[in-house]
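*Asks:* Generate coordinates for the sequence data below:
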Amino acid sequence: MGEPFRHNLRVRYGECDLQGVVFNAHYLAYFDTSLNELLRAAVGSYRAIHERGIDVVVAEAQLRFHAPARFEEELTLEIAVARLGTTGITTTHRIAREDELLVDGMLRHVMVDLKTLIKTPIPDWLRQQLEPWTVEPA
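*Replies:* The predicted model follows:
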């Protein structure tokens, strides 16, 4: 069983709303950033999966808001692979400020052929590369 992948992000001014907190839609972008960073750690870059003729597209997203983040705060973003199905990858996400949970949620992506955008099985090489961050049996 693997461990979640973690990285840090500092809130930028343009991500905040008139109340001075991160606008809710930016958390989906943070989740996406986490997936990109996970793929960079696993296979070298997001582009590496494109070079093999595949891509991932979002099929489902869920977020729960617990507390706001503000301009210039440093956040810890955590992503873990919760499930590797036949064609789908489910990741869980947590965003925290120090020890305080701000947002958690999940994304489900579907693996597709890059040219046709038709669902395709997750290749064995990608499953193996994601194993260190898989927290439940695939």
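
*Asks:* And stretch 115-133, what's buried?
*Replies:* Buried residues in stretch 115-133, counted by 16 or more other CB atoms under 10 Å: 120, 122, 126, 129-130, 133. For the C-beta atoms, the positions are set from N, CA and C on the backbone; glycine is no exception.

*Asks:* Run through who's touching stretch 85-96.
*Replies:* When contacts are defined by CB atoms under 8 Å, 6 or more residues apart in numbering, stretch 85-96 is touched by residues 4, 27, 30-31, 34-35, 38, 56, 59, 69, 75-83, 101-111, 119-122, 130, 135.

*Asks:* Does the residue nearest the centre of the chain fall in a helix, a strand, or a coil region?
*Replies:* When the chain is reduced to its mean C-alpha position, the closest residue under CA atoms, centre = their mean turns out to be Leu35, at 3.2 Å. When the structure is reduced to helix, strand and coil (DSSP: H, G, I helix; E, B strand; the rest coil), Leu35 reads as helix.

*Asks:* again with the one 4 residues further on
*Replies:* Secondary structure state of Leu39, per three-state DSSP, is helix.

*Asks:* returning to that earlier point: just the ones of the contacts of stretch 85-96 in strands?
*Replies:* With strands taken from DSSP state E, the overlap with the contacts of stretch 85-96 comprises 56, 59, 75-83, 101-111.
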